[in-house]
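Novice: Give me coordinates for this.
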Amino acid sequence: MIDTTAFSWVEFFSIAVIHFFAVASPGPDFAVVLKQCIQQGRAAAISTSVGISCGILLHVTYSLVGIGLIIKTTPWLLNILLYLAAAYLAWIGVSALRSQAHGQTQVSTTAGKPKSLTKSFMLGFITNGLNPKATLFFLSVFTVAISSDTLLAHQMIYGLYMAIATAAWFVFLSFIISHKRVRAFYELNGYIFDRTMGVVLIVMAIFLILNS
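Specialist: Take a look at the predicted model:
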């Protein structure tokens, strides 16, 4: 008899890889952390990073509740959701593949009026938490990678991991992007992360359709 309570490291690894490419790709979250680091300082950027991670928890909660309701009440809607998720993943994957290299942009190094850490936190939370595309992305990821037999407690562990990993990533960036040379290199080569994530998302979409 299969032990359904065993933690699936395969699922966890899949979630971790997908999340890594998503969080490492330059986007609004990276932009706001960069802005905070340059204009408000490292402490503000770290506080913003924590706010972003809390926004991740908000998306994870929506995703878990939505998937649970679909599975328990109207399972046939899951197939519709799967195709919508595949279409969405393919769309953002293709969009990411179109990412182009761009030249260095001039960023003002003039520090603005310092904000409180609470305001910096809320900036990160609002930037990530109120992004509807992020909600749909996390719902799609959970639908693709997580089995309907996976315990809710394990799904919560996945979500908590993504929130902690997100915070760790942006806190790490807060320490390095204040250096001009590193920031310039990242801006010039950010398209590489976009294109890599695009390939991963398109593969996910194809896998989802073939196994639906």
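
Novice: per-residue pLDDT, Tyr161?
Specialist: In this model, Tyr161 is scored at 94, pLDDT.

Novice: show me what contacts it?
Specialist: Phe12, Ile15, Ala16, His19 (C-beta atoms under 8 Å, 6 or more residues apart in numbering). All C-beta atoms are positioned from the backbone trio N, CA, C, and that covers glycine.

Novice: Trp91 too?
Specialist: Shown in contact with Trp91 (C-beta under 8 Å, 6+ apart): no residues.

Novice: any idea how far Phe21 lies from Leu89?
Specialist: For Phe21, the distance to Leu89 equals 12 Å [C-beta to C-beta, to the nearest Å].

Novice: More neighbours: which of the two?
Specialist: Set side by side, Phe21 and Leu89 show unequal neighbour counts under other C-beta atoms under 10 Å, the larger going to Leu89 at 27 against 17.

Novice: isn't Arg196 right next to Phe21, touching?
Specialist: In this structure residue 196 is Thr, not Arg. Yes - under the criterion of C-beta atoms under 8 Å, Thr196 is in contact with Phe21, at a separation of 6.2 Å.

Novice: coming back round to it: which of the contacts of Tyr161 lies closest to Thr143?
Specialist: Distance to Thr143, by C-beta to C-beta, is smallest for Ile15 among the contacts of Tyr161, at 11.9 Å.

Novice: Just the buried residues from the contacts of Tyr161, in ChimeraX please.
Specialist: Under the burial definition 16 or more other C-beta atoms under 10 Å, those of the contacts of Tyr161 that qualify are selected in ChimeraX by:
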select :12,15,19
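
Novice: Take the contacts of Tyr161 and lay them out in JSON lines including distance to Val60.
Specialist: Putting the contacts of Tyr161 into JSON lines (distance: C-beta to C-beta, whole Å) gives the following:
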{"residue": "Phe12", "distance to Val60": "14"}
{"residue": "Ile15", "distance to Val60": "10"}
{"residue": "Ala16", "distance to Val60": "14"}
{"residue": "His19", "distance to Val60": "11"}
